[in-house]
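Enquirer: just coords:
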């Protein structure tokens, strides 16, 4: 097998693996027998929600959207060490969440993840399905805004009307992205089974960090112990093809994009129905509805919003499955240990770029025997290049006889023409898994390396690493055997330039990994080739 066929085969297999990876990452996992409405749950403690009432969620929220007054709402803020949270008097909704530790790549200011203005809409809302109770459009008044003894921030809103009093309280600890929200509604005529909805409402204008060369999932995500992690594309929600589990007594629902997640997490054991919808005012609604606990003529509802970065160690402790928002899909079995090792190395050296270099050494060491076998095969092939050229001159255009003579020569010299391919193919899943680790880890966002590299998650601003990467790929071609066909030889020389173009758009962390890997490969290949030549002499 000549080098062009090897390269083409490897490229094909890499593309195939990437396609399979994309299919697994995007295709939702749905059971046709999963309960689809609260009607199908046998709940003896409270009445079931009728199908008509589940449809009223959409009618209630959309009518509230369309009937909002044009009066300017009152705006309030609370702030801790991690976030600035802005609330609107309309529905006491979360209007904005600003991350202090992360910058907007365009403005270089603290990143607005949730926001509500004339351009973008991404807010967290709640309200009651019953038309006699407040929705997310009703105007609340501020009851209190204070700092608690433990440093937590607490803000409380209230509506008092004939027949009921509704209180909505948000609490956030001083070093946390987790927001606790408690609804309580009391009154002589309050139904103990009033359903409440919570939802994330957003349009499709917010930057999701997508790239044509490096696509990452952005859309709805649902986790339950029954169906595990499910993803729903926004375009499927828009088309009404948003199949997912609807009813459970555990889990969470949220919106996921690269590096960040906004999730609604109900209290454990509470029955809830998850929904995803495209509204009449062209917004995506992602949320849930469920019941509270009734005691002394008061119904209370306990929920949490996690609105923050996908820091795996932290979010795994908040709710089961929340760490899966850092989605490695079918490569998780490889990617997760790689990330854990990279995280551990960084904890020792204190620099993510240096940790990537050390991890590259470790991976290279693990695959050293396979790489050595590959390079030995390539070195032997290189020695045969003069003989292969003679065969080409002897047989000219008679490709059949030339192939037969080449196979006889391989057999005589005890060379497996596939020997240079297989060891490389075995490593491909590891390389792709590491690709997703470096692409999806928020820990690398804004993480500096040295000198001019201030952020390993974006491309090299001066393209130094991609240029060095191209040089390393060119150097490798000189260590590889030259194909007997002049056309193939030219293609092999052009390929490094073609592939290096992609690296100009890759994050610096990825290019750093491939550059170090290439340098180590060149050294290993050069050493093995020289040893074989020395033994022959």
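Expert: Thanks, I have the structure now. These numbers come from a predicted model, not from an experiment.

Enquirer: mind giving me the domain ranges of the chain?
Expert: The record's domain parsing of the chain by automatic domain parsing lists 3-19+335-536, 31-327.

Enquirer: Same list (the ones you listed) but as TSV, adding mean pLDDT.
Expert: What follows is these, written out as TSV (pLDDT from 0 to 100):
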stretch	mean pLDDT
domain 3-19+335-536	78
domain 31-327	85
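
Enquirer: Turn these into JSON lines, including mean neighbour count.
Expert: In short, each C-beta sits where N, CA and C put it, glycine included. Converted to JSON lines, these look like this (neighbours: other Cβ atoms under 10 Å):
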{"stretch": "domain 3-19+335-536", "mean neighbour count": "17"}
{"stretch": "domain 31-327", "mean neighbour count": "18"}
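
Enquirer: Packing partners of the longest helix along the chain?
Expert: In the chain, taking DSSP state H as the definition, the longest helix is helix 508-536. Using 3 or more Cβ pairs under 8 Å, 6 or more residues apart in numbering; DSSP states H and E as the contact test, the elements touching helix 508-536 are helix 352-366, helix 368-383, helix 422-440, helix 464-479, helix 486-503.

Enquirer: quick check: angle from that helix to helix 422-440?
Expert: With axes from the mean of the first three to the mean of the last three Cα atoms, to 10 degrees as the basis, helix 508-536 and helix 422-440 are set at 160 degrees to each other.

Enquirer: thinking again about what came up before, nearest to residue 404, out of the helices and strands packed on helix 508-536?
Expert: Comparison of the helices and strands packed on helix 508-536 against residue 404 by Cβ to Cβ identifies helix 368-383 as nearest, at 17.6 Å.

Enquirer: circling back to that earlier point, quick one: the longest helix of the chain to chain centroid distance?
Expert: Distance, stretch centre to chain centre, for helix 508-536: 32 Å (Cα atoms, centre = their mean, to the nearest Å).

Enquirer: what's the angle between that helix and helix 464-479?
Expert: Using the same axes, to 10 degrees: helix 508-536 against helix 464-479 is 20 degrees.

Enquirer: Following the chain past the lengthiest strand in the chain, name the next helix or strand.
Expert: The longest strand of the chain (DSSP state E) is strand 298-309. Moving toward the C-terminus from strand 298-309, the next helix or strand (DSSP states H and E) is helix 312-315.

Enquirer: can you list contacts of that next one?
Expert: 261, 306, 308, 322, 323, 325, 326, 339, 343 (Cβ atoms under 8 Å, 6 or more residues apart in numbering).

Enquirer: what's the following helix or strand after that helix?
Expert: Next along the chain after helix 312-315, taking DSSP H and E as the criterion, comes helix 332-349.

Enquirer: other SSEs contacting that following helix?
Expert: Against helix 332-349 (3+ Cβ pairs under 8 Å, 6+ apart) you get helix 352-366, helix 422-440.

Enquirer: hang on, the earlier thing: of all the helices and strands packed on helix 508-536, which one is nearest residue 400?
Expert: With Cβ to Cβ as the criterion, residue 400 lies closest to helix 486-503 of these, at 17.7 Å.

Enquirer: With distance to residue 292 as extra columns, can I get the contacts of helix 312-315 in a markdown table?
Expert: What follows is the contacts of helix 312-315, written out as a markdown table (distance: Cβ to Cβ, whole Å):
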| residue | distance to residue 292 |
| --- | --- |
| 261 | 25 |
| 306 | 20 |
| 308 | 26 |
| 322 | 23 |
| 323 | 28 |
| 325 | 27 |
| 326 | 32 |
| 339 | 38 |
| 343 | 39 |
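
Enquirer: export the helices and strands packed on helix 508-536 to JSON lines and tack on distance to residue 126?
Expert: JSON lines is the format used below for the helices and strands packed on helix 508-536 (distance: least, Cβ to Cβ, whole Å):
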{"stretch": "helix 352-366", "distance to residue 126": "38"}
{"stretch": "helix 368-383", "distance to residue 126": "55"}
{"stretch": "helix 422-440", "distance to residue 126": "30"}
{"stretch": "helix 464-479", "distance to residue 126": "47"}
{"stretch": "helix 486-503", "distance to residue 126": "45"}
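
Enquirer: Which one of those lies nearest to residue 158?
Expert: When the helices and strands packed on helix 508-536 are compared (using Cβ to Cβ), the closest one is helix 422-440, at 41.3 Å.

Enquirer: And for the helix or strand residue 235 falls within, what's in contact with it?
Expert: Secondary structure from DSSP H and E places residue 235 in helix 234-239. Applying Cβ under 8 Å, 6+ apart, the external contacts of helix 234-239 come out as 204, 218, 219, 220, 242, 243, 276, 277, 278, 284, 286.

Enquirer: Now for the closest residue to the fifth one other than its chain neighbours: which residues touch it?
Expert: Counting by Cβ to Cβ, 6 or more residues apart in numbering, residue 242 lies nearest to residue 276, which is 4.5 Å off, once chain neighbours are set aside. Residues in contact with residue 276, defined by Cβ under 8 Å, 6+ apart, are 220, 232, 237, 242, 244, 284, 285, 286.

Enquirer: what do you get for residue 433?
Expert: Shown in contact with residue 433 (Cβ under 8 Å, 6+ apart): 328, 331, 334, 335, 338.

Enquirer: Of those, just say which sits nearest to residue 368.
Expert: Among the contacts of residue 433, and counting by Cβ to Cβ, the member closest to residue 368 is residue 338, at 17.4 Å.

Enquirer: coming back round to it: so what's the gap between the longest strand of the chain and the chain middle?
Expert: The answer for strand 298-309 is 23 Å, by Cα atoms, centre = their mean.

Enquirer: For it, name the packing helices and strands.
Expert: strand 94-103, strand 110-116, strand 121-128, strand 178-186, strand 260-266, strand 293-295.

Enquirer: quick one, which of the ones you listed is nearest to residue 447?
Expert: Of these, nearest to residue 447 by Cβ to Cβ is strand 94-103, at 11.3 Å.
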